[in-house]
Every structure is written in structure tokens, then in C-alpha cells.
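K.L.:
Show me the folded form of this:
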Amino acid sequence: MEERCGIWQLEQLIAVGGLGEVWQARSADGELAALKRLHTHLLRHPAARALFEHERRLLNELPRHPGVVHGLGQGERDGRPWVAMRRVQGCDLRQIMEGQTAARGVAPQPRALPTSEALQVVMHAADAVAHLHDLGWVHGDVVPANLLVEGALPAVVLCDLGVSRRQGAAGPVQGTQAYMAPEQIRGEPWTAATDVFALGVVLWELLAGRRLYHRGPAWRSMQAIMEEDVPSLGDPALDELVAAALARDPARRLPDARKLAQSLGS
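P.N.:
Residues are numbered from 1 along each chain as shown. Just a heads-up that it's a prediction; the model follows:
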């Protein structure tokens, strides 16, 4: 039986997250979309519903940028909210980093990217994040799983605006623990430098071919961010660049994604 949300016919489930499920959907004229709808068990959960409403408002109202997923409409069906987004066909950066795009039957092998390619990937990501910074927003969850690869590297597309907040705004502790800036962990206001920290983690991981702060339990990952030194990459210039993004004090960190992109390109 066909299931529709507005003009969109749902075709296949492509992802399930904590907040909702994402379907590939198609309009009558053949346009593809990624359609996200809130989990039914969260319909009576005010905080979850507020997060979903926040994300779909940003998707549909923010000025568009080629490196940021944008909305294609929204609505409700049977009291269940949904939002249609640009469909980015491909894998995410996490899958590439963990070797999950290998042929079937071949064991995944984490790998580092060539230095020039890693720098270009993070430059693309930083340009997308800078678009949000220019509009006064902090993404708050710039992680490999939220950087979609459409076509071939180094081009990436930033998705998942669910925890984004205004620069300077405080709120609950949110984000992915192994990529959180220290101020996120402490529950302090976010600034553009908060996203720079996450981009710095991604950069180090692309260059090293392994995780930086992931320690299993969330509290251990956050403890590592607050206490452990960043291992050297074996290249003083790269170490200096990473250090500028990963300073624990946001006042000593590169101030925004635009500055990081400029540093990567210099």
C-alpha cells in the first residue's frame, strides 16, 4: 500500500535516528527527497517535538547553501509531523573513515585520507558551517555522520540541524560526546568557536585514520576531551593547525569556521 506525505510518496526507509525515521520519497514529477518524520512514540514528548519543529523550521527558512541540506516542504499526516529535505545520495564521512564502503565480504578497514584530501574535505565542511555562522547560528553537532558525501570527496554536505542554536545561547548539554567542545560539556553558551572544535576533531581523525576522543562510555569520551593531550600527527605544521582548532579555551581557539577554512587553505 502506498504511503504519502503531502506530494511525496514514501519509497524506502534509509535511516532511523533518535528523533525520527528518514525515507526516500518521490514527487509525482520524479523529484527525490529525504523525508523525515517524528517517531510515533515521541508525539506526546514535548521536548522531542520541539526539537523536530526547530529543525524543520530551520531547514525551510534559512537561506540556502549548496553545502547544507535544505527543506523542500513540511506538513503533518495523522498528527505526525514531517519535513522533506534535499536528498543527498551517497554515504556519510563516517562510513568512509571506517572503511564501510568496501565491497561486500571485505572487512572494514579504518583509514587515513591523504593530507591534501583531508584538508579539502574539512575546508568544504567549514565553508558549510560558516554559512550558518554568518546567519548567527551554531550547528552544535558537526560529526562525520552528519557530513554526507555526494559524488566524490572532497565535497560534503552538512545535515542534521536539530540541536542548532543561536550564537551565545545557553541550553541543555547536547551533541555527540566525542566531538563536543569543552564549553558544550560544561553547559555554557555556544559560539562559532564551538563548531570549530568539532571540525578540528574531524580533521585530526581524517589525518590519523582513527578516533581521537571516543572512549566508549559517554562520560569517558568527555573526560578525554577535558583532560587528554592531542597526539601528534608527526607534522609540526599540521599539529599547529589542529591545535588552533582544538584549544580547550574557546577564546584561544580559531573564532569561527571561516577563519578555519582560511587557515586550511593557506
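
K.L.:
would you list every one of the helices in the stretch 151-266 of the chain?
P.N.:
Assigned by DSSP state H, counting those that start in this stretch, the stretch 151-266 of the chain shows helices spanning 182-185, 192-208, 218-227, 236-245, 257-265.

K.L.:
Just name the most buried of the ones you listed.
P.N.:
helix 192-208 (a mean of 25; mean count of other CB atoms under 10 Å). Every C-beta, even on glycine, is put in place using the N, C-alpha and C of the backbone.

K.L.:
And that one, what does it pack against?
P.N.:
helix 93-97, helix 115-134, strand 137-138, helix 182-185, helix 236-245, helix 257-265 (3 or more CB pairs under 8 Å, 6 or more residues apart in numbering; DSSP states H and E).

K.L.:
Could I get the average pLDDT for the second one?
P.N.:
In this model, helix 115-134 has an average pLDDT of 97.

K.L.:
Also stretch 20-38?
P.N.:
If you average the pLDDT values across stretch 20-38, you get 95.

K.L.:
Only the buried residues of it, if you could.
P.N.:
Within stretch 20-38, the residues scored as buried using 16 or more other CB atoms under 10 Å are 20-27, 32-38.

K.L.:
Going by distance to residue 167, which of the residues you listed wins?
P.N.:
residue 36 (25.1 Å; CB to CB).

K.L.:
Contact partners for the closest one?
P.N.:
20-23, 56, 82-83, 85 (CB atoms under 8 Å, 6 or more residues apart in numbering).

K.L.:
So in that sheet, which strands flank the helix or strand hosting it, and in what orientation?
P.N.:
In this structure, residue 36 sits in strand 32-38 according to DSSP states H and E. Neighbouring strands of strand 32-38 in its sheet, by DSSP bridges, are strand 20-26 (antiparallel), strand 80-86 (antiparallel).

K.L.:
of all these, which lies closest to residue 228?
P.N.:
Judging the strands paired with strand 32-38 by CB to CB, what sits closest to residue 228 is strand 20-26, at 34.2 Å.

K.L.:
hmm, who's touching that closest one?
P.N.:
5, 8-16, 32-39, 42, 52, 84, 87.

K.L.:
Ends of stretch 147-164, what's the gap?
P.N.:
Terminal residues of stretch 147-164 are spaced 15 Å apart (CA to CA, to the nearest Å).

K.L.:
same deal with stretch 160-180?
P.N.:
15 Å.

K.L.:
do stretch 73-86 as well
P.N.:
Stretch 73-86: ends 10 Å apart by CA to CA.

K.L.:
buried stuff in that stretch?
P.N.:
Buried, per 16+ other CB under 10 Å, within stretch 73-86: 73-74, 81-86.

K.L.:
Stretch 211-220 too?
P.N.:
211-215.

K.L.:
what residues does that stretch touch?
P.N.:
Contacts for stretch 211-220 (CB under 8 Å, 6+ apart): 177-179, 201, 204-205, 221, 223-225, 228, 230-231.

K.L.:
mind running it again at 6 Å?
P.N.:
177-178, 201, 204-205, 221, 224-225 (CB atoms under 6 Å, 6 or more residues apart in numbering).

K.L.:
Lowest average confidence across helices and strands of the chain, where is it?
P.N.:
helix 93-97 (a mean of 91; mean pLDDT, DSSP states H and E).

K.L.:
and that one, how far out from the chain's middle?
P.N.:
12 Å (CA atoms, centre = their mean, to the nearest Å).

K.L.:
go on, stretch 115-135?
P.N.:
12 Å.

K.L.:
Now it: buried residues?
P.N.:
Quick answer for stretch 115-135 (16+ other CB under 10 Å): 118-133.

K.L.:
What of stretch 156-174?
P.N.:
156-165, 167, 174.

K.L.:
Could you find the two of the buried residues of stretch 211-220 that are most distant from each other?
P.N.:
212 and 215 (10.1 Å).

K.L.:
Low-confidence ranges, the stretch 51-200 of the chain, go.
P.N.:
100-109 (pLDDT under 70).

K.L.:
again, 80 this time
P.N.:
100-110 (pLDDT under 80).

K.L.:
Can you tell me the closest non-neighbouring residue to residue 8?
P.N.:
residue 25 (3.8 Å; CB to CB, 6 or more residues apart in numbering).
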